[in-house]
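show me the folded form of this:
(chains A, B, C and D)
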There are 2 protein chains.
Amino acid sequence: MATTEKPTRIQKVRREEILEAALEEFAQHGFRGASINKIAARAEMSTPRLLYHFKDKEALYRALLKSTVMLWHGPLQMLTDTDEPIEEICAYIRRKLEMSRKFPRESRLFAGEILLGVPLGKTEVFDPLRETFDAKIALLQRWIDAGRIAPVDPHHLMYSIWATTQHYADFAPQIAEFSPGKVPTLFAEAEGFLLPMYRRHLTVA
Amino acid sequence: MATTEKPTRIQKVRREEILEAALEEFAQHGFRGASINKIAARAEMSTPRLLYHFKDKEALYRALLKSTVMLWHGPLQMLTDTDEPIEEICAYIRRKLEMSRKFPRESRLFAGEILLGVPLGKTEVFDPLRETFDAKIALLQRWIDAGRIAPVDPHHLMYSIWATTQHYADFAPQIAEFSPGKVPTLFAEAEGFLLPMYRRHLTVA
DNA sequence: GCAGTATTTTACTATTTGATAAAATTTATT
DNA sequence: AATAAATTTTATCAAATAGTAAAATACTGC
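Numbers count the residues shown, from 1 in each chain, chains lettered A, B, ... in the order given. Below is the predicted model:
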């Protein structure tokens, strides 16, 4: 139960079971809407048993949020200096789309937290991304200054990439509603739409 | 109390007071996280008094959702055939950005509902938009067929416009965090970024 | 196998929540 | 002003919720 000590064999297993169930519930109902009873039921255990492994509902949620932020960190970090900046950015877009496709629940969890104004400590959510984000903005700026990509606002470039890619996870029900029957090919289509758009936008005139 | 009959003078006033308070609470805490007690308190009335005007929490939420969907309907409907399709689409983007700026709470309410899978009846949320949406997709397709805009997937064009514009309302805390100090000029910058991107993307080669 | 620790179960609680019944009051109609 | 209808207040409740205490069981290292 002590969080500082090293987790035992059983703790590692239980925490994984709980986190999986919690991700499902939190993504589906939000923090307030999800109940630890239902999370426990989904993980096939009693509530006190769950609470033995996580101090309280918030601790469980925070653990989930933390690992999600880390998941988001990877693709951004991979954006590095290269001979072909535009293709490097396109590769980042592809990775982000892939994240939406593979981890929609994590994307929704994260989106839900931000949507409600990041009530549970902005520090925990943004701080891990902050340094990397600033570094990548600087990288984009260097590419612009060197005339290797078009002079577009790097911040808004990032935001638009996040928006367009995460949209396919976060707003999936809406897209499914308006693109009936096309759901299986959605991500391929999205890539086919987005990559040319960003290539054109970033190509130096 | 009977919903079918015409609202009295008092009902009109009370419902407005309640809806305003409810929008604030629902946008900030989500459906499950918001409590009718707190909504009532914010509207400076007792809970039973609130419940005299709205059957239950869900009826209140639905009323809010319905008016929000209608709010979204307007800017889309204004997209009509014209001599300059690209500028017409740019005008739509401007309107959508303006909506995010003026009605962030409504945007978040709507986003929250979709994020959680539209638990309260897809019919009520999407049906009012469906017909208009299909008509506008058809319009875009005609512009493409006539060679007046570039042949991009009209569905994904719509999705990307929704994503990029609503992002500034729905993910405002994240943007504020990563664009410190630039908050007042954010929407002007966004327009400066997005419009050239879409112009280039839609211009026929 | 035993002692000590980790884990789980059982039983329980305090609070919040959405909601209702019925009495009291205000407002509208004549 | 009298009456009926609409609105509000007061008192109350049942269900769900997050969380706890303590006893019982399982596991681990020796």
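
quick one: average confidence on the strand or helix carrying A:His29?
Element membership for A:His29, per DSSP states H and E: helix A:9-33. The pLDDT scores in helix A:9-33 average 92.

continuing past it, what's the next helix or strand?
Following helix A:9-33 in sequence order, the next helix or strand is helix A:36-42 (DSSP H and E).

give the other helices and strands that that following helix contacts.
If you count contacts as 3 or more Cβ pairs under 8 Å, 6 or more residues apart in numbering or on different chains; DSSP states H and E, helix A:36-42 packs onto helix A:9-33, helix A:47-53, helix A:57-77. In this view, the C-beta of every residue, glycine as well, is placed from N, C-alpha and C.

what is the distance between the first one and the centre of its chain?
Read it as helix A:9-33. 17 Å (Cα atoms, centre = their mean, to the nearest Å).

can you state the direction angle for that helix and helix B:9-33?
Here the directions of helix A:9-33 and helix B:9-33 differ by 170 degrees (axes from the mean of the first three to the mean of the last three Cα atoms, to 10 degrees).

for helix A:9-33, name the packing helices and strands.
Counting contacts by 3+ Cβ pairs under 8 Å, 6+ apart, helix A:9-33 is packed against helix A:36-42, helix A:47-53, helix A:57-77, helix A:104-115, helix B:9-33.

is the helix holding A:His29 anywhere near DNA strand C?
Yes: applying Cβ under 7 Å from any atom of the strand, one finds helix A:9-33 in contact with DNA strand C at A:Arg9, A:Ile10, A:Gln11, A:Arg14.

okay, the residues you listed in JSON lines with distance to B:Lys182 and neighbour count next?
Below are those laid out as JSON lines (distance: Cβ to Cβ, whole Å; neighbours: other Cβ atoms under 10 Å in any protein chain shown):
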{"residue": "A:Arg9", "distance to B:Lys182": "49", "neighbour count": "7"}
{"residue": "A:Ile10", "distance to B:Lys182": "49", "neighbour count": "9"}
{"residue": "A:Gln11", "distance to B:Lys182": "44", "neighbour count": "14"}
{"residue": "A:Arg14", "distance to B:Lys182": "45", "neighbour count": "19"}
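
ok, which of these also contact DNA strand D?
A:Arg9, A:Ile10.

quick check, nearest of the residues of helix A:9-33 next to DNA strand C to A:Phe126?
Taking Cβ to Cβ as the measure, A:Phe126 lies nearest A:Gln11 of those, at 28.7 Å.

nearest residue to that closest one other than its sequence neighbours?
Nearest residue to A:Gln11, sequence neighbours excluded (Cβ to Cβ, 6 or more residues apart in numbering or on different chains): A:His53, at 6.4 Å.

from A:Lys66, how far off is that neighbour?
A:His53 sits 16 Å away from A:Lys66, taking Cβ to Cβ, to the nearest Å as the criterion.

the two: which has the busier surroundings?
The neighbour comparison of A:His53 against A:Lys66 (other Cβ atoms under 10 Å in any protein chain shown) goes to A:His53, with 21 against 13.

per-residue pLDDT, the more buried one?
95.

cool, and A:Ser67?
pLDDT at A:Ser67 comes out at 93.

give me every residue that touches it.
A:Leu19 (Cβ atoms under 8 Å, 6 or more residues apart in numbering or on different chains).

for A:Thr132, list the residues it contacts.
With Cβ under 8 Å, 6+ apart, A:Thr132 has these contacts: A:His73, A:Leu76, A:Gln77.

host element of it?
Residue-wise, A:Thr132 maps onto helix A:122-145 under DSSP H and E.

any buried residues in that helix, and which?
Residues of helix A:122-145 classed as buried under the neighbour-count rule (16 or more other Cβ atoms under 10 Å in any protein chain shown) are A:Lys122, A:Val125, A:Phe126, A:Leu129, A:Phe133, A:Lys136, A:Ile137, A:Leu139, A:Leu140, A:Trp143, A:Ile144.

off-centre distance for stretch A:54-66?
Remark: stretch A:54-66 is offset 17 Å from the chain centroid, using Cα atoms, centre = their mean.

again with stretch A:51-66
For stretch A:51-66, the distance to the chain centre is 19 Å (Cα atoms, centre = their mean).

identify the residues contacting it?
A:1, A:3, A:11, A:14-15, A:18-19, A:22-23, A:26, A:31, A:34, A:36, A:39, A:50, A:109-110, A:113, A:120-121, A:124-125, A:128.

change it to 7 Å
Stretch A:51-66 is contacted from outside by A:1, A:11, A:14-15, A:18-19, A:22-23, A:26, A:31, A:36, A:109, A:113, A:120, A:124-125, using Cβ atoms under 7 Å, 6 or more residues apart in numbering or on different chains.

for PyMOL, what selects the buried ones among the residues you listed?
The buried residues among the contacts of stretch A:51-66 can be selected in PyMOL (16+ other Cβ under 10 Å) with this line:
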select buried, chain A and resi 14+15+18+19+22+23+26+31+36+109+113+125
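
from the contacts of stretch A:51-66, which is closest to chain B?
Chain B lies nearest to A:Phe31 out of those, by Cβ to the nearest Cβ, at 7.2 Å.

hmm, stretch A:26-41 touching DNA strand D?
Yes: using Cβ under 7 Å from any atom of the strand, we find that stretch A:26-41 touches DNA strand D at A:Ala34, A:Ser35, A:Ile36, A:Asn37, A:Lys38.

so which helix or strand takes in A:His156?
With DSSP H and E as the test, A:His156 turns up in helix A:154-170.

compute the inter-axis angle for that helix and helix B:154-170.
110 degrees.

show me which of the buried residues of helix A:122-145 neighbour DNA strand C.
Applying Cβ under 7 Å from any atom of the strand to the buried residues of helix A:122-145, one finds that nothing falls near DNA strand C.

could you dump those residues to JSON lines with distance to B:Asp81?
Listed next are these as JSON lines, based on distance: Cβ to Cβ, whole Å:
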{"residue": "A:Lys122", "distance to B:Asp81": "46"}
{"residue": "A:Val125", "distance to B:Asp81": "45"}
{"residue": "A:Phe126", "distance to B:Asp81": "44"}
{"residue": "A:Leu129", "distance to B:Asp81": "44"}
{"residue": "A:Phe133", "distance to B:Asp81": "42"}
{"residue": "A:Lys136", "distance to B:Asp81": "41"}
{"residue": "A:Ile137", "distance to B:Asp81": "40"}
{"residue": "A:Leu139", "distance to B:Asp81": "43"}
{"residue": "A:Leu140", "distance to B:Asp81": "38"}
{"residue": "A:Trp143", "distance to B:Asp81": "40"}
{"residue": "A:Ile144", "distance to B:Asp81": "38"}
